[in-house]
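# this is a predicted model, with the sequence first.
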There are 2 protein chains.
Amino acid sequence: MLENQGWTLARRPMGEPSVEDFSLQSVPLKSRVVEGEVLVRNLLLSLDPYMRWRMNDAKSYARPVEIGQVMVGATVSEVLVSEHPGFKPGDTVLGGGGWQEYSILKGETLQKLTGNVPPSTALGVLGSPGFTAYAGLMKIGMPKPGETVVVGAATGPVGSMVGQLAKLAGCRTVAIAGGPEKCALAKEMFGFDAAIDHRASHLGERLAEACPRGIDVYFENIGGRTLDAVLPLLNDFARVPVCGLVSQYNDDGPYEGETRLASLMRDVLIKRLTMRGFIVTDFAEYRDEFLEMAMPLVASGKITHLEDIVDGLDAAPDAFIGLLQGKNKGKLIVRIA
Amino acid sequence: MLENQGWTLARRPMGEPSVEDFSLQSVPLKSRVVEGEVLVRNLLLSLDPYMRWRMNDAKSYARPVEIGQVMVGATVSEVLVSEHPGFKPGDTVLGGGGWQEYSILKGETLQKLTGNVPPSTALGVLGSPGFTAYAGLMKIGMPKPGETVVVGAATGPVGSMVGQLAKLAGCRTVAIAGGPEKCALAKEMFGFDAAIDHRASHLGERLAEACPRGIDVYFENIGGRTLDAVLPLLNDFARVPVCGLVSQYNDDGPYEGETRLASLMRDVLIKRLTMRGFIVTDFAEYRDEFLEMAMPLVASGKITHLEDIVDGLDAAPDAFIGLLQGKNKGKLIVRIA
């Protein structure tokens, strides 16, 4: 039987995790690889911010790691034993091997790696981070030539891909990164037009200077104070794909002044909520359709409505003040003449 | 020349407006109706929450009313003199006559009222409020049969229409309204399945009881503490059309604990932002498309990427902690074997 070392979750961290939250142990593997399974040696393990959430005992889109369980994670692995027709020993595969040396995995969860790119790209630029960048930017952000795209955590695997895809789409790209070194990297390696150090002072002012035409797409990876700086610069109809909130991942819970926005953003992310303000004129094209549908229903009484009619123009301010206080019922109307 | 009385904005209110913020004056009309214009006697004036914002000197989707200017508003009016081919004296029209007895308006901004419904419906159920309800619910909320739709300000002209449209769409409808009388009205007149008084205590608990399968569509008219109660009950993929934030309209500015969420919601509304969380698996159908596009660009170096490779499984926790602290650059990978 293979000796298998792996990192288990020793305890749930409060705030920032510490080494004591993990435990390196000899982790038993099942004695036999059964039909449909593959025994792999894990070659590369991806570490990603989402894992911090998996260490919490909190409802999310994925189950938390249990205490004593091996930490989860994507791996590039080599097949040692295969009881699945799609794989043979020596194959290089992408899978969820976790933080351990060996894993027995269901073949259907694995993907064989081929092509003329290094296998490690399957964990980064061509893997979940790269695809995350693509999906979030192109399908939600929908950048148009000439627009300004601001990217949080811009030198990370997601952010750096977002910046490059946005540049290819003809946008002005602005990086937000931590420290002068990463800012230089963003511009020199990933081709961002400008880079802002979120640790330096006057974040809002410097971001405004870098975005003279405002912000059309903000690819949210960070949350917290960076979002504060971005919000006033968003243009009408800006799109905010919410991909991550790394500055909030270590939060123990609500804290002063952050509570409500932080929990809102967490919900938007975890539940993939769509929040979109609208003004009725945005939907002008549907007006006839609406009237065709609604008019007969109102005429026949199938749709009822309530009016609160106030007599005389003199009464208008009082009525209006009452409206704001919730005093009226139904549609408030002033009868002038 | 006509004697024309009208309400002008006397001063900008701080918080709740008072009567002293308005001034009833003799408002001069232009001496002559020129080509394309129509002189009308205003019959009905609509009062709506949005007007509160127009009294502030704040950037929004519409210009603020100036001090000394007649308050704006939609009217049902009778044509007295027409220099526009589309209208003749005696016609009943919908227009933006404002808070005054007579107005001279451009014909192109007017809509002739016909049909077998009372003209007042053009300001309510068949006017902007009704159409607002339709557009917000059907085009953003997209209710499906069996879903739960929660409606703020449920007995108002917008909310009452939302509730009825949602019911017609086969949904469970839950009203949020102020006081027991409005709650009774919501159920008896507008057919809501349940109604919650937002002034009573334990709002969250009572809302949870009324929504045993969670909330799929929250039609936001209120903001503030009602939104707090709604957020934890939103189901995955819930839609939140943000139509109004009446509880925030009187705000003078940011205040303790409200600051960030309030300003976020204001932006979502005014700028019609789309906020939508996502997880990469939501976009599985686009994965091949992505790989076809990205792989050659990575292979040719047109897309560059950065990897931070850490040696040894032992180093994983430290590397992971560093990741959360922003210490790494590029895609963090642990080389295990």
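Happy to help now that I have it. Here the structure is a predicted model, which means the values were calculated and not measured. Numbering: from 1, shown residues only, chains lettered A, B, ... in the order given.
# run through the helices of the stretch 201-337 of chain A in chain order.
For the stretch 201-337 of chain A, helices defined by DSSP state H, counting those that start in this stretch occupy the ranges A:203-210, A:224-230, A:259-270, A:287-299, A:316-324.
# quick one: average pLDDT of the fourth one?
What it means is helix A:287-299. Per-residue pLDDT values over helix A:287-299 give a mean of 79.
# that one close to chain B?
Yes: shown here: helix A:287-299 in contact with chain B (Cβ under 8 Å from any Cβ of the partner chain) through A:287, A:290, A:291, A:293, A:294, A:295, A:298, A:299. C-beta: built from backbone N, CA, C; applies to glycine.
# buried ones in stretch A:192-203?
Residues of stretch A:192-203 classed as buried: A:192, A:193, A:194, A:195, A:196, A:197, A:198, A:203 (neighbour count, 16 or more other Cβ atoms under 10 Å in any protein chain shown).
# just the CA trace of it, in CSV.
Extracted C-alpha coordinates of stretch A:192-203, given in CSV (Å, rounded to 0.1, in the frame of the first residue of the first chain):
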residue,chain,number,x,y,z
PHE,A,192,-2.0,47.4,-19.2
ASP,A,193,-2.3,51.0,-20.3
ALA,A,194,-2.1,52.2,-16.7
ALA,A,195,-1.6,50.6,-13.3
ILE,A,196,-2.7,51.8,-9.9
ASP,A,197,-1.2,50.7,-6.6
HIS,A,198,-4.1,50.1,-4.2
ARG,A,199,-1.8,50.3,-1.2
ALA,A,200,-0.8,53.9,-1.9
SER,A,201,-2.8,56.8,-0.8
HIS,A,202,-5.5,58.7,-2.8
LEU,A,203,-6.6,55.6,-4.6
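# now do it, average pLDDT.
On average, stretch A:192-203 scores 93.
# how far is that stretch from where the chain is centred?
Stretch A:192-203 sits 21 Å away from the centroid of its parent chain (Cα atoms, centre = their mean, to the nearest Å).
# touching that stretch from outside, list them.
For stretch A:192-203, contacts defined as Cβ atoms under 8 Å, 6 or more residues apart in numbering or on different chains pick out A:151, A:154, A:163, A:167, A:172-180, A:182-184, A:186-187, A:206-207, A:210, A:222, A:225-226, A:229.
# contacts with chain B among these, please.
A:178, A:182.
# tell me which of the contacts of stretch A:192-203 fall in helices.
A:163, A:167, A:180, A:182-184, A:186-187, A:206-207, A:210, A:225-226, A:229 (DSSP state H).
# just the buried residues of those.
For these, buried by 16+ other Cβ under 10 Å: A:163, A:167, A:182, A:183, A:186, A:187, A:206, A:207, A:210, A:226, A:229.
# quick check: closest non-adjacent residue to the fourth one.
Spatially, and ignoring its direct neighbours in sequence, residue A:183 is nearest to residue A:195 (3.8 Å; Cβ to Cβ, 6 or more residues apart in numbering or on different chains).
# quick check: that neighbour is in a strand.
Yes: judged by DSSP: H, G, I helix; E, B strand; the rest coil, residue A:195 forms part of a strand.
# is it bridged to anything, and to what?
residue A:175 (DSSP bridges).
# next: residue A:38.
residue A:82, residue A:105.
# next: the one 4 residues further on.
Beta bridges link residue A:42 to residue A:77, judged by DSSP bridges.
# run through who's touching the helix or strand where residue A:7 lies.
Assigned by DSSP states H and E, residue A:7 belongs to strand A:5-9. With contact meaning Cβ under 8 Å, 6+ apart, strand A:5-9 is reached by A:21-27, A:55, A:65-71, A:98-101, B:313, B:316-317.
# buried sites along that strand?
Within strand A:5-9, judged by 16+ other Cβ under 10 Å, the buried ones are A:6, A:7, A:8, A:9.
# quick one, it and helix B:316-324 angle?
In terms of direction (axes from the mean of the first three to the mean of the last three Cα atoms, to 10 degrees), strand A:5-9 departs from helix B:316-324 by 50 degrees.
# and strand A:5-9, what's its mean pLDDT?
Averaging pLDDT residue by residue across strand A:5-9 gives 93.
# tabulate the CA atom coordinates of that strand in CSV.
Written as CSV, here are the backbone C-alpha positions of strand A:5-9 (Å, rounded to 0.1, in the frame of the first residue of the first chain):
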residue,chain,number,x,y,z
GLN,A,5,1.2,12.3,2.6
GLY,A,6,-1.5,14.9,2.6
TRP,A,7,-2.6,18.2,4.2
THR,A,8,-5.8,18.0,6.1
LEU,A,9,-7.7,20.7,7.7
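# let me know the next secondary structure element after that strand.
Toward the C-terminus from strand A:5-9 - assigned by DSSP H and E - lies strand A:22-26.
# in CSV, list the helices of the stretch 201-337 of chain A along with distance to residue B:83.
Output for these, formatted as CSV (distance: least, Cβ to Cβ, whole Å):
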stretch, distance to residue B:83
helix A:203-210, 47
helix A:224-230, 49
helix A:259-270, 52
helix A:287-299, 27
helix A:316-324, 29
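# sorry, back to before: and the angle from the strand holding residue A:7 to strand A:22-26?
Angle of strand A:5-9 versus strand A:22-26, following the same axes, to 10 degrees, is 140 degrees.
# low-confidence ranges, the stretch 151-300 of chain A, go.
Along the stretch 151-300 of chain A, the model assigns pLDDT under 70 to residues A:247-260, A:262-263, A:265-266, A:270-271, A:280.
# try 50 this time
Along the stretch 151-300 of chain A, the parts satisfying pLDDT under 50 run over A:252-258.
# re earlier: among the residues of helix A:287-299 next to chain B, name the buried ones.
A:290, A:291, A:294, A:295, A:298.
# looking at those residues, which one is closest to chain B?
residue A:290 (4.6 Å; Cβ to the nearest Cβ).
# what's the closest non-adjacent residue to the closest one?
Counting by Cβ to Cβ, 6+ apart, the residue nearest residue A:290 is residue B:134, at 4.6 Å.
# distance of the spatially most central residue of chain A relative to chain B?
By Cα atoms, centre = their mean, chain A has its centre lying nearest to residue A:243, at 1.5 Å. According to Cβ to the nearest Cβ, to the nearest Å, residue A:243 stands 7 Å off from chain B.
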